[in-house]
Each structure stands twice: as C-alpha cells, then as structure tokens.
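Chemist: this one's sequence-less:
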Ligand SMILES: CCCCC/C=C\C/C=C\C/C=C/C(=O)SCCNC(=O)CCNC(=O)[C@H](O)C(C)(C)COP(=O)(O)OP(=O)(O)OC[C@H]1O[C@@H](n2cnc3c(N)ncnc32)[C@H](O)[C@@H]1OP(=O)(O)O
C-alpha cells in the first residue's frame with residue numbers, strides 16, 4: 001500500500017516522457033507528456049517538426065498518452081504544441097496524397113480513434129493553442145472542453161479550400177462549439193478564423209498573451225472542477241457527448257469506406273496535389289530556395 005503510494009508520488013513528481021512513438025528521422029518523441037507534481041495536471045505537447053502534421057505515429061502517440069493520463073490519475077489534460085508557431089497543421093497531407101491503400105485504411109481508423117480518445121477522455125481537457133490550428137488541428141482543439149489561444153494565429157475547418165468535404169463527425173465538433181448557422185457558413189467557406197474572430201464567435205474561450213499564460217488559464221479551467229465528483233463529472237461529460245460519439249461508432253466501417261472513395265477520387269487527388277505543391281512552393285520561397 002505504502003509502496004504503491006510512493007510509486008504514484010514518484011510518477012507525479014517525475015515528468016513522464018512518452019518514448020513509444022518516436023520520429024523515425026530524429027528519434028525524438030512525437031509527444032511530450034509532463035505531469036505537474038503540485039497540480040496533478042498533465043501537459044501533452046505535440047512534438048513532430050516542422051508543423052505537427054498528424055501521421056499515424058503522432059496520432060498513436062497522442063492516444064497512448066491519453067491512456068497513460070487516464071491511468072496515472074492526472075486531474076486534467078492540457079493539449080499544446082512544442083512548436084511556437086504551429087499548434088497542429090492538421091492531417092499529414094503525405095498520408096492523403098497518392099496514398100498506399102492499406103496504409104490509408106489504417107490512417108483513417110487511427111484518425112477516428114484519436115477523435116474518440118480525446119472526445120471521451122475522462123479527465124477535464126483544455127487546449128493551449130500556441131500556434132496555427134487549421135483543419136485537423138482545429139479538430140483536436142474542439143474535441144477538448146476549453147480553448148485558450150495566442151494572438152495572431154488562425155484556426156478553423158478549412159477543408160473546402162483544398163477541395164475536401166469534412167466528414168459528418170468532424171462537422172459535429174464544430175457544431176458543439178458554434179451555432180449551426182455560423183458553423184454551416186464557416187464550413188462551406190472553409191474559413192480560417194483569426195484569434196480575435198475565433199474569440200468573438202466562441203470557437204475559443206480566451207486569449208492569452210503567452211504560452212505560459214495560456215497554460216495557466218487552462219489550469220484554472222481544470223481547477224474549476226475541484227468541487228465536482230470526478231466520476232460523476234466524467235459520466236456527465238460522456239452522457240452529453242454520447243449522441244455525437246455514437247454517430248461515428250455506429251458506422252465506423254461506413255465512414256471509412258466513404259472517406260476512402262472520396263480521398264481516392266481523381267478530382268480530389270488532383271486538387272490536393274496542387275494545394276500541397278503550392279504549400280511546398282511557399283515554404284521554398286520563404287527559405288529563399290526558389
Ligand atoms: C466524406 C469523406 C470525407 C473525406 C475527407 C478527407 C479529409 C478531410 C477530413 C478531415 C479533416 C481534416 C483534414 C486535414 O487536416 S487536411 C490538412 C490541412 N492542413 C492545412 O491546410 C494546413 C497547411 N499548412 C499551413 O497552412 C501552414 O503550413 C501552417 C500550418 C500555417 C504553418 O505555416 P509555416 O509558414 O510555419 O510553415 P510552412 O507552410 O512553410 O510549412 C513548413 C513545412 O511543413 C509542410 N506542411 C505544412 N502543412 C502540412 C501538412 N498538413 N501536411 C504535410 N506537410 C505539411 C510544408 O509543406 C513545409 O514543408 P517543406 O518540406 O515544403 O518545407
């Protein structure tokens with residue numbers, strides 16, 4: 001009994017670094033997980049340079065970290081980025097453009113899994129959005145219960161801008177934070193909101209001047225549950241989220257089939273190819289390579 005108490009204490013004191021999913025290029029961990037010894041709040045930092053784009057390994061690392069947080073009795077989870085400019089650039093376009101079919105199936109299933117894991121995480125969740133959060137980056141943030149964002153960044157589900165329609169369950173995340181009329185307009189326009197606009201419409205809850213302040217505001221949000229019974233809180237959250245979650249769970253295979261057909265269609269592949277090339281070109285010109 002005493003031994004397990006001490007072990008738990010050590011686990012809280014010592015930052016836990018997730019080493020299971022490493023970047024193959026640099027052998028650095030794709031997520032960094034630290035648990036604050038005083039508050040018991042876990043901070044999960046996305047750490048896949050250059051822009052934290054979501055490939056299979058990064059998403060698996062996020063899921064493993066969430067499982068670990070739920071197992072180590074952390075009081076809450078703050079999702080943030082180790083990169084000062086980009087919270088998360090969304091899905092890794094390398095996984096969607098000219099994909100290997102078997103890998104694409106696995107990729108899409110893990111994408112569904114990461115959304116479910118964040119959506120159903122039993123502890124309070126908050127996103128400290130310390131950089132741009134387009135598409136899948138916005139999705140991670142909206143799956144959390146609270147969002148604090150740094151100024152002069154952008155956030156939004158911009159899929160229509162690169163020729164994609166967001167799947168139904170992705171749209172549900174937007175509908176959980178935005179009024180229907182606004183969500184419809186923003187989704188069809190593929191709008192990227194500036195930080196100020198995002199606060200104005202309620203896509204984010206607060207603005208912070210620095211990453212430290214964003215983390216502190218997220219901690220304050222998590223502390224706001226100190227008087228709630230953790231089990232009752234978690235069951236209430238699950239109950240409220242149940243209809244959205246069920247829409248995906250009830251037809252995961254159908255969603256996979258629909259998405260694979262959609263992603264593989266020549267028109268979408270061409271559009272995505274052009275979008276990705278423009279992105280690379282922009283990056284090359286920035287680096288003075290062209
Ligand atoms: C019914 C069936 C529906 C099926 C639909 C299928 C899919 C849609 C549904 C799901 C929702 C989610 C979709 C997505 O997330 S798709 C990804 C969309 N992401 C974006 O559009 C963001 C693109 N990136 C940017 O805008 C910028 O990079 C940035 C994030 C604002 C950062 O800007 P910064 O100036 O700091 O960096 P660079 O632009 O110079 O980029 C550096 C480097 O990273 C590469 N890169 C950027 N984003 C991605 C990415 N998402 N995937 C892979 N690679 C990316 C970029 O090319 C540069 O690399 P290089 O080697 O060229 O230097």
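Modeler: That came through fine. The structure displayed is predicted, hence computed values, not measured ones.
Chemist: residues in the stretch 151-290 of the chain within reach of the ligand, list them.
Modeler: 158-159, 162, 164-167, 170, 258-259, 262-263, 279-280, 282-283, 286 (C-beta under 6 Å from any ligand atom). To be clear about C-beta, it is placed using only N, CA and C from the backbone, and glycine gets the same treatment.
Chemist: Would you list the buried entries among the residues you listed?
Modeler: Buried members of those, scored by 16 or more other C-beta atoms under 10 Å, are 158, 159, 162, 164, 166, 167, 170, 259, 263.
Chemist: Taking the residues you listed, tell me the two that lie furthest apart.
Modeler: The distance between the two most remote of those (C-beta to C-beta) is 17.5 Å, for 158 and 259.
Chemist: what sits against the closest residue to the ligand within the chain?
Modeler: The chain approaches the ligand most closely through residue 90 (2.5 Å), counting by C-beta to the nearest ligand atom. Shown in contact with residue 90 (C-beta atoms under 8 Å, 6 or more residues apart in numbering): 53, 54, 134, 135, 136, 137, 138, 139.
Chemist: hey, where'd the strands end up in the stretch 1-150 of the chain?
Modeler: 31-35, 41-46, 76-81, 125-129, 133-134, 146-149 (DSSP state E, counting those that start in this stretch).
Chemist: Out of the ones you listed, which gets nearest to residue 97?
Modeler: strand 133-134 (16.3 Å).
Chemist: Can you pull up the most central residue in the protein?
Modeler: residue 140 (2.2 Å; C-alpha atoms, centre = their mean).
Chemist: Could I get the full set of helices for the stretch 51-200 of the chain?
Modeler: Assigned helices in the stretch 51-200 of the chain, in chain order: 56-71, 93-96, 101-119, 136-143, 168-175, 180-189, 195-201 (criterion: DSSP state H, counting those that start in this stretch).
Chemist: okay, the strands of the stretch 1-150 of the chain in JSON lines with distance to the ligand, mean neighbour count and mean pLDDT next?
Modeler: Listed next are the strands of the stretch 1-150 of the chain as JSON lines, based on distance: least, C-beta to the nearest ligand atom, whole Å; neighbours: other C-beta atoms under 10 Å; pLDDT from 0 to 100:
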{"stretch": "strand 31-35", "distance to the ligand": "17", "mean neighbour count": "22", "mean pLDDT": "96"}
{"stretch": "strand 41-46", "distance to the ligand": "12", "mean neighbour count": "24", "mean pLDDT": "98"}
{"stretch": "strand 76-81", "distance to the ligand": "11", "mean neighbour count": "26", "mean pLDDT": "98"}
{"stretch": "strand 125-129", "distance to the ligand": "12", "mean neighbour count": "29", "mean pLDDT": "98"}
{"stretch": "strand 133-134", "distance to the ligand": "4", "mean neighbour count": "29", "mean pLDDT": "98"}
{"stretch": "strand 146-149", "distance to the ligand": "14", "mean neighbour count": "27", "mean pLDDT": "98"}
